[in-house]
Every structure is written in structure tokens, then in C-alpha cells.
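Enquirer: sequence plus predicted model, see below.
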Amino acid sequence: DTGVSQDPRHKITKRGQNVTFRCDPISEHNRLYWYRQTLGQGPEFLTYFQNEAQLEKSRLLSDRFSAERPKGSFSTLEIQRTEQGDSAMYLCASSLIAGNTIYFGEGSWLTVV
Amino acid sequence: SQQGEEDPQALSIQEGENATMNCSYKTSINNLQWYRQNSGRGLVHLILIRSNEREKHSGRLRVTLDTSKKSSSLLITASRAADTASYFCATDASSGGTSYGKLTFGQGTILTVHP
């Protein structure tokens, strides 16, 4: 069990550029979650997958955001045409099934300049 | 939206003292989880307590849950400087007793333990 792994840990990008974050969940965890956290706030739910199916998306996830989990293992979160308001830490988490402990990764910091 | 409300927002204590943080929430839950976050880092899971449980212990941590008051508390005994971090409660909301596995966090309590 190597924990939830996220890459890159830090990303600085210019406004208008696209960025992609990758998450590798704990092996055999069939649920995978994405959250966003801004300074001084608690994390906010963005979306989650059960295996490869994306089951729920928050209204926070605008059309510029897309998440995939093509083979039910790793996931990617892409932000297109980044805006300064997208600056935040993007956290990935995974769990075996609902109702169980949800484990988080170290997060990917995004700074849009 | 933030369901959980942690209290206090900040807590400063001396090493060896106990620290108590409270969390209130609004809707029925399946479970409640407490996390620790060191500055700039990810979340570390501390304890999960289910809606049919009232108290759980893990090492120096004690968590209570009162579903009638929609509140939980986290007690850290004999605190250490290394306990300095932000602490969050997160609720797994439910409808009809089904867990969605989706957490709603409060704004957290910033704990500072002075050596």
C-alpha cells in the first residue's frame, strides 16, 4: 500500500493555458474522488468515480474541467483555459467502497498567473 | 457548501495539555471522519466514526459523536508540538441510510502546540 499518489505536486501556469493532473489511487480501491481546496478553507468535492464510471459532478466543476478514469485505475483532471480563480490545491482521494475510510493524496498545487 | 462547522477556529495550547475540537453539522450522516492537515500538505486520516457509534479511540485520540445534537468532538490528549496542524471534520451525508462516500468538510480548527 503506497498511498494515493498525485503528480505534479506543483504547477505554475499562465492564464489561458491547459493543465492536467494525474492521480494514482491505492491499488484495488474502486472509488476515486477529486476535491479542491483554497487557502483557509476545507476541501470541496468536485467529482467521483466508481471504477471507470463518473457518478457525480459538483456544480463547482465548470465546463472547463474534465476528469477521466479510463481503465478504472488512475485518473486525470484537466483544466482548460485556466483562470486565476482556478488557483488552488487539487486533492485526489480513494476508498474501497462507500462508507469506508477515504484516503487522500498530498495534493497538486496550481498557481495561475 | 460547507456542512461542518468546527469550533474553535484556532486553538493554542502548551505541550502536554489536552486539545478539544468540536464539529457541528446539519444533515443526517452515514459516518463522520476526522483529518489532520499540516501546512501545504495533504490530508491524513485520523478516525472514522459511524452514525451508530458514540465514541472511538485511537492512541491519544478520542472522538465522540452525538447524532441527536448533530455534533462531534475530537480530543487529543497529552499534546505534542508535532500535533500542530489544521484539523477537519468531514461528514458523509446520507439519504435513507445510504452512504454516498462523498465528504463535506468544515473550515477546520488550526491547532498550535507550543513546546
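Expert: Sure thing, it's come through. Numbering: from 1, shown residues only, chains lettered A, B, ... in the order given.
Enquirer: what's downstream of the helix or strand of chain B with the lowest mean pLDDT, the next helix or strand?
Expert: In chain B, no helix or strand scores lower on mean pLDDT, DSSP states H and E than strand B:98-105, which sits at a mean of 77. Once the chain leaves strand B:98-105, the next helix or strand it forms, by DSSP states H and E, is strand B:109-114.
Enquirer: show me which positions of that following strand end up buried.
Expert: By neighbour count with 16 or more other CB atoms under 10 Å in any protein chain shown, strand B:109-114 contains the buried residues B:109, B:110, B:111, B:113. All C-beta atoms are positioned from the backbone trio N, CA, C, and that covers glycine.
Enquirer: in which helix or strand would I find the residue nearest the centre of chain A?
Expert: Centroid-nearest residue in chain A: residue A:34, 3.4 Å away (criterion: CA atoms, centre = their mean). Element membership of residue A:34, judged by DSSP H and E, is strand A:31-37.
Enquirer: so residue B:7 sits against residue B:22, correct?
Expert: Yes: with contacts defined as CB atoms under 8 Å, residue B:7 counts as touching residue B:22 at a distance of 4.6 Å.
Enquirer: out of these two, which sits in the more crowded spot?
Expert: Between residue B:7 and residue B:22, counted using other CB atoms under 10 Å in any protein chain shown, residue B:22 has the larger neighbour count: 17 against 14.
Enquirer: ok, that one to residue B:45 distance?
Expert: 19 Å (CB to CB, to the nearest Å).
Enquirer: show me the contacts for residue B:81.
Expert: Shown in contact with residue B:81 (CB atoms under 8 Å, 6 or more residues apart in numbering or on different chains): B:15, B:113, B:114, B:115.
Enquirer: I figured the first one hits residue B:112, correct?
Expert: So the one you mean is residue B:15. No: using CB under 8 Å, residue B:15 makes no contact with residue B:112, being 10.7 Å away.
Enquirer: which bits of chain B sit near chain A?
Expert: Residues of chain B lying close to chain A (CB under 8 Å from any CB of the partner chain) are B:2, B:4, B:30-31, B:33, B:35, B:40-45, B:48, B:50, B:88, B:90, B:92, B:98-108.
Enquirer: ok, now with 7 Å
Expert: B:2, B:30-31, B:33, B:41-43, B:45, B:48, B:88, B:92, B:99-108 (CB under 7 Å from any CB of the partner chain).
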